[in-house]
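**Student:** sharing a model prediction with you, sequence too.
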Amino acid sequence: MNGKEQLEHVRERVIETIAMNMNLYGVTDSVGRLYGMLYFHDQPMTLDEMKEELGMSKTSMSTSVRTLLELKMVEKIWKKGIRKDLYQAEEDWYQTFVDFFTIKWRAGISMNVGAMTKSIKELQDIVNSEETEEEVRKAAVVDMEKMKDALSYYKWLNRLVDSFETGEIFAYIPKENDKK
């Protein structure tokens, strides 16, 4: 195996690992492979170039790029004289982690807080109803307390997400290159 083949083999291993890791968090392998390929590519690429490199359909490529844009893992680049959209990977892994997880966490927090807030109101109606049996009323009170505890957790999780977005987390757990 010559040097170029070895280089490609090493890159392919890392790209496959990135794809598998992203799949653990609900992102398709193809999106993970696209990010990995862009990460190792020295220049921004067009959709056509990415399609040719990965052998994906243009529709699938477009959907994958849109996903990566939403996750802030790639950015659209403008270059004078080039009419097609160009894309490049975000190379700061710390920022990629922060963006990816805060987007996912915020969505999960919002969904859970919404469901629990609505449920607490409904449970309060059950508790306040004169028609509710005592056993059901007690169970509703217990459930409300559980959900209020969970809401406290989600407030904490929001603060944790805030610390990632502001970079405050790095004061407690410095980036590896920040360590003295």
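**Tutor:** Now that the structure is in, tell me what you want to look at.
**Student:** can you give the domain ranges for this protein?
**Tutor:** 3-89, 93-178 (automatic domain parsing).
**Student:** tell me which of those sits most buried.
**Tutor:** domain 3-89 (a mean of 15; mean count of other CB atoms under 10 Å). Heads up, the C-betas are built off the backbone N, CA and C, glycines and all.
**Student:** first to last residue in that domain, what's the distance?
**Tutor:** 25 Å (CA to CA, to the nearest Å).
**Student:** can you give me the helices in this structure?
**Tutor:** 3-24, 29-40, 47-54, 58-70, 93-128, 134-166, 169-172 (DSSP state H).
**Student:** closest to Lys84 out of those helices?
**Tutor:** Closest approach to Lys84 among the helices of the chain (CB to CB): helix 47-54, 7.2 Å.
**Student:** ok, the closest residue to Ile169 other than its chain neighbours to Tyr172 distance?
**Tutor:** Spatial nearest neighbour of Ile169, excluding adjacent residues (CB to CB, 6 or more residues apart in numbering): Ser163 at 4.4 Å. Distance of Ser163 to Tyr172, given as CB to CB, to the nearest Å: 8 Å.
**Student:** same question, Ile103
**Tutor:** Applying CB to CB to Ile103 and Tyr172 gives a distance of 22 Å.
**Student:** stretch 79-98: end-to-end distance?
**Tutor:** Length of stretch 79-98, first residue to last, CA to CA: 27 Å.
**Student:** contacts for it next, please.
**Tutor:** Under the contact criterion CB atoms under 8 Å, 6 or more residues apart in numbering, stretch 79-98 has outside partners 35, 38-39, 41, 43-48, 50, 65, 68-69, 72-78, 99, 164-165, 170, 175.
**Student:** hmm, Ile126 is touching Lys138, no?
**Tutor:** No - if you go by CB atoms under 8 Å, Ile126 and Lys138 don't touch, sitting 10.7 Å apart.
**Student:** roughly how far does Met37 sit from Phe97?
**Tutor:** Distance of Met37 to Phe97, computed by CB to CB: 19 Å.
**Student:** geometric centre of this structure: which residue is closest?
**Tutor:** By CA atoms, centre = their mean, the mean C-alpha position of the chain lies nearest to Phe100, the distance being 3.0 Å.
**Student:** wait, it sits on Asn21?
**Tutor:** No - Phe100 is beyond contact range of Asn21, at 10.6 Å (criterion: CB under 8 Å).
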